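S.K.: Starting from these lines, generate the structure:
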Amino acid sequence: MRFEKWQALGNDYMIVERDELPLALTPPRIERICRFHYGAGADGILQIEPAEDPELVAFVRIFNPDGTEAELSGNGIRDAVLYLRRAGRADSDEFAVGTAAAASSPRRNFLFISPHPFPTPSTNPRRRFAPSISRRYR
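M.R.: Numbers count the residues shown, from 1 in each chain. So this is what the prediction gives:
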């Protein structure tokens with residue numbers, strides 16, 4: 001199984017492409033994969049899949065380490081957007097992705113990805129990122 005592991009503000013996410021998976025992600029598989037001592041270790045899995053809406057670059061399914069699906073994760077979307085942009089799936093820094101909650105149009109700002117209109121990052125070297133307002137949905 002090919003995957004990439006990304007980190008956003010302390011959360012480790014595995015990113016997989018649905019169409020490249022040899023088996024479907026099920027709750028027991030997700031739990032085993034996310035175990036830090038017995039699996040790859042992650043705070044969740046982001047499954048990237050084609051979007052049905054042509055205005056979306058991709059649809060992102062967000063799985064918690066216990067196998068449940070989350071509607072939204074700010075840090076997860078940060079990782080997914082950087083992954084999609086780096087993979088060349090979007091040709092600009094502003095594009096929309098879908099999640100179980102709704103479409104999100106993150107914007108790329110210097111050091112972080114924000115699904116919300118945060119202020120630009122501070123120039124103070126001790127405070128490099130804008131505060132995160134991500135929330136877990138179960």
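S.K.: For the protein, which segments count as strands?
M.R.: For the chain, the strands defined by DSSP state E cover 4-8, 11-17, 44-49, 56-63, 69-70, 96-98, 103-104, 107-109, 112-114.
S.K.: so how far is the first one off the chain centroid?
M.R.: In this case it means strand 4-8. Strand 4-8 has its average C-alpha position 8 Å from the chain's average C-alpha position, going by Cα atoms, centre = their mean, to the nearest Å.
S.K.: ok, back up a step: comparing the strands of the chain, which gets the lowest mean pLDDT score?
M.R.: Lowest mean pLDDT within these: strand 112-114, a mean of 41.
S.K.: now for the helix ranked longest in the chain, which elements pack on it?
M.R.: In the chain, taking DSSP state H as the definition, the longest helix is helix 74-86. Packed against helix 74-86 by the contact rule (3 or more Cβ pairs under 8 Å, 6 or more residues apart in numbering; DSSP states H and E) you find strand 4-8, strand 11-17, strand 44-49, strand 56-63, strand 96-98, strand 112-114. Where you see a C-beta, it was placed from the backbone N, CA and C, and this is true even at glycine.
S.K.: List the buried residues for that helix?
M.R.: Using 16 or more other Cβ atoms under 10 Å as the test for burial, helix 74-86 gives 74-85.
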